[in-house]
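Peer 1: Whatever this is, show me its structure:
(one chain, ligands or ions: 1)
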Amino acid sequence: MSAFATTATAAIDALVQPHLLDLQPYATARHEFAGTAEVYLDANESPFNTALNRYPDPAQKDLRTEIALQKGLRLEQVFTGQGSDEAIDLLTRLCCRPGKDEVIVCPPTYGVYAIAARLQQAKVVEVPLTADFQLDVASILAASSANSKILWLCSPNNPTGNLMEEAAILELLRAFPGLVVVDEAYIDFAQSKSWSSVLADFPRLVVLQTLSKGWGLAALRLGMAFAHPRLIELLQRIKSPYNLSGPSQQTALERLQNATETHKQIDLLVAERQQLATDLSQLPSVLQVYPSQANFLLVRFQNARATYELLLQNGILVRDRSTVPGCNGCLRISIGTPTENQKLLQILLQA
Ligand SMILES: Cc1ncc(COP(=O)(O)O)c(C=O)c1O
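Peer 2: Okay, the predicted model is just below:
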């Protein structure tokens, strides 16, 4: 092992709950045997072929290999789980000692980071985004301590839609003492390269992505974490053995290998986002449409609650964020099909 690799592993191990460092994971029946057998009588499965009677690959090797190939990473840098929500939960449980450790979140942002921390009895330290929804680097660093195990960043951010400035993330990667997680759930809609391209430089960096948004597979529950191999190894160790079903692994693999339709859909949604932003900004009831690099728009209305109700009466559900600090008077509107977006605009013309 090179000196860098040793230091990187030590830096990661220092952030992990000590009792998990030598946890022996459950060894599935197939762990001990990598080849193929003629008859499988080792796992108490049903012998009758239903196409679903065998346990799936607990290490998800084929899927992770394909993801690694597409992302320019190595298999050992890729974790796959039940949505990025599973990775958020596992990272929190891996690192945070109940009652002792803390995570830093930058609201307004995705709510699951704080919920995962509370489930683990970790303290949630909030350092709000600035008025233009950027990271307040100085306050984040001032709020951090030796017990700050995870800093949750979301770029493009939910619900604001903007990317975080590169210089701010770089500064945090250098100075924050814990894991820096960049959640890129909406990266497929953004004009930006993934932070996974600098994983080799920052052993405490974790990047999250998902097939739930641009890939149109929210029901599949397929999320990814990209990180240093040591961290991936630890996540693999604490996950439940068969966290991804066979059909999920298979469907995800097929979709990743046949991405033409997905790319077309993403292009269409990005074009619709631009058009909808322009059209919305001309409506009298709209005060502000925030720039978005995601598949939704954060929109400030003169009367958000009344607008929400009006849309609902006309069969359109949007997300009311009007009481979230930093998002006063705002609704978050996902980009729909061109027909759906037109319907939305027509109803808003009445507001
Ligand atoms: C920022 C962000 N991260 C993660 C997720 C969860 O994604 P998944 O469906 O992969 O669990 C969401 C879902 O809305 C999200 O907005």
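Peer 1: how about the residue in the stretch 51-200 of the chain positioned nearest to the ligand, what does it touch?
Peer 2: Taking C-beta to the nearest ligand atom, the ligand has its nearest neighbour within the stretch 51-200 of the chain at Gly83, 2.4 Å off. C-beta: built from backbone N, CA, C; applies to glycine. When contacts are counted by C-beta atoms under 8 Å, 6 or more residues apart in numbering, Gly83 touches 210, 212, 221-223.
Peer 1: Heading C-terminal from the helix or strand of the chain with the lowest mean pLDDT, find the next helix or strand.
Peer 2: Lowest mean confidence among the helices and strands of the chain (mean pLDDT, DSSP states H and E): helix 3-13, at a mean of 87. Proceeding N to C from helix 3-13, the next assigned helix or strand is helix 18-21, under DSSP states H and E.
Peer 1: what does that following helix contact?
Peer 2: Against helix 18-21 from outside (C-beta under 8 Å, 6+ apart): 13, 94, 234, 237-238.
Peer 1: where do the strands sit along this structure?
Peer 2: 78-81, 102-105, 123-126, 148-154, 179-183, 205-210, 223-226, 286-289, 296-301, 319-320, 330-334 (DSSP state E).
Peer 1: Which residues of this structure lie near the ligand?
Peer 2: Counting by C-beta under 6 Å from any ligand atom, the residues of the chain lying close to the ligand are 83-85, 110, 154, 158, 183, 185, 210, 212, 218, 223.
Peer 1: Among the residues you listed, which pair sits farthest apart?
Peer 2: The span of the residues of the chain next to the ligand, defined through C-beta to C-beta, is set by Cys154 and Ala218 at 17.3 Å.
Peer 1: which residues sit in contact with the residue of the stretch 251-351 of the chain found nearest the ligand?
Peer 2: For the stretch 251-351 of the chain and the ligand, the shortest gap (C-beta to the nearest ligand atom) falls at Ala294, measuring 8.4 Å. Counting by C-beta under 8 Å, 6+ apart, Ala294 touches 156, 158, 161, 186, 189-190, 213.
Peer 1: again, 7 Å this time
Peer 2: 156, 161, 186, 189 (C-beta atoms under 7 Å, 6 or more residues apart in numbering).
Peer 1: Nearest residue to it in space, please, no chain neighbours.
Peer 2: Counting by C-beta to C-beta, 6 or more residues apart in numbering, Tyr186 is the residue found nearest to Ala294 once chain neighbours are left out, at 3.7 Å.
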